[in-house]
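J.: Fold the stuff below for me.
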Amino acid sequence: MKLIVVKDRQEGGQKGYNVFQSAYDNGAKVFGLATGSTPITTYEAISASDMDFTQMTSVNLDEYVGLAADHPQSYHYFMQEHLFNQKPFAHSYVPDGTNPDAAAETARYDQIIADNPIDLQILGLGQNGHIGFNEPGTDPELTTHKVALTESTIKANARFFDDESEVPRYAYSMGIASILKSQHILLEAYGEEKAAAVKAMVEGPITTDVPASFLQNHADVTVIVDEAAASKLSR
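T.: Numbering: from 1, shown residues only. Okay, the predicted model is just below:
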C-alpha cells in the first residue's frame, strides 16, 4: 500500500483527484465509484477539471435494496448530484435496488464488471473496516451479493433519513473479490473515528473481521488519510 497522509479532507480530495487524473492520463477507461461523504471533495475536484468522460464507463460499488434510482437517498441519485450531472459518462452502472430478484441482479452486475474491467476503483472505509457493504465476516471470495446491513451501519446511515425505520436493511454490493479485480484501488478515510479501522487495514492481520485488510493482497493500492485517521498508525 502507498500511504499518503494529508491535513484534511480538502487536501485529501485534491490528492485523490491527482490519482484519478493519473489513471485518466494513462488510459483508464472504466472507473469504479463509491458514495458517501468521503469521496465528495475528490468528485468536486474532478467536476471542476477539464477531464471528459463521454467515452468512458463508471461502475458503482453498491446500492440500497428497495430504493429507486430517483430516491434522494439512493446511491444513483447521489452520483447524479455529485458527479454525473457535471461529468456524464458514456455508460454509468449502479446496482438496481428495485430488483427483488437478488440472484438475477447480482449475476447481472457480475456480468457488467466482467464486461467492463475496472481500471481504478475508489473506496471509502467504514468504522468497522467495511469496504462497499462488505461487513465484518464477509466471505472474501464473494462477488456481487445481497448484504444484510449491520446495526452499526444502519445507525451510521440514519442521519440521512427522517427516521431510522426508513433506513434500508439490505444492499447490493460488489464483493471483496470483485473489488480486488480492479487494476488500481484508491481508498480515502478521514476523521478520528476511522483511525482504528485504518490501523487494522494497514498494519493488522488479513482477516474477515476487517474486510479492508484484504487490500493488503492487492498489488496497487493508494490510501489517503488525514492526520486524525492516521493517528493510531505506528509508522
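
J.: Would you confirm that A212 contacts H130?
T.: Yes: judged on CB atoms under 8 Å, A212 makes contact with H130 at a distance of 7.2 Å. From N, CA and C alone the C-beta is placed, and that goes for glycine too.

J.: Those two - which one has more neighbours?
T.: Between A212 and H130, counted using other CB atoms under 10 Å, the more crowded position is A212 (29 against 25).

J.: mind listing what the closest residue to the more buried one other than its chain neighbours touches?
T.: The shortest distance from A212 to any residue other than its chain neighbours is 4.1 Å, reached at M201 (CB to CB, 6 or more residues apart in numbering). The neighbours of M201, taking CB atoms under 8 Å, 6 or more residues apart in numbering as the test, are 125, 129, 187, 210, 212-213, 215-216, 223.

J.: Name the SS class of M201, please.
T.: Of the three states, M201 takes helix under DSSP: H, G, I helix; E, B strand; the rest coil.

J.: Would you mind measuring from N128 to T208?
T.: 12 Å (CB to CB, to the nearest Å).

J.: and what of M56?
T.: Taken as CB to CB, the span from M56 to T208 is 34 Å.

J.: mind saving the C-alpha coords of the worst-scoring helix or strand of the chain on mean pLDDT as CSV?
T.: Ranked by mean pLDDT, DSSP states H and E, the weakest helix or strand in the chain is helix 151-157, scoring a mean of 81. Extracted C-alpha coordinates of helix 151-157, given in CSV (Å, rounded to 0.1, in the frame of the first residue of the first chain):
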residue,chain,number,x,y,z
GLU,A,151,-26.9,-2.3,13.1
SER,A,152,-23.8,-0.1,13.3
THR,A,153,-24.0,0.7,9.5
ILE,A,154,-27.8,1.3,9.8
LYS,A,155,-27.2,3.7,12.6
ALA,A,156,-24.4,5.4,10.7
ASN,A,157,-26.7,5.9,7.7
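
J.: mind starting the numbering at 16 from now?
T.: Got it, the first residue is 16 from now on, which makes the last one we talked about helix 166-172.

J.: where are the low-confidence patches of this structure?
T.: Nowhere does the chain drop to pLDDT under 70.

J.: just the strands in it please.
T.: 17-21, 45-48, 72-75, 77-79, 106-108, 135-138, 160-163, 185-188, 199-204, 236-241 (DSSP state E).

J.: right, and the ones you listed - which one's nearest N100?
T.: N100 sits nearest to strand 106-108 of all the strands of the chain, at 11.2 Å, using CB to CB.

J.: residues of stretch 241-250 that come out buried?
T.: For stretch 241-250, burial by neighbour count (16 or more other CB atoms under 10 Å) applies to 241, 243-245, 247.

J.: Also stretch 60-69?
T.: So stretch 60-69, judged by 16+ other CB under 10 Å, has buried residues 60-61, 68.
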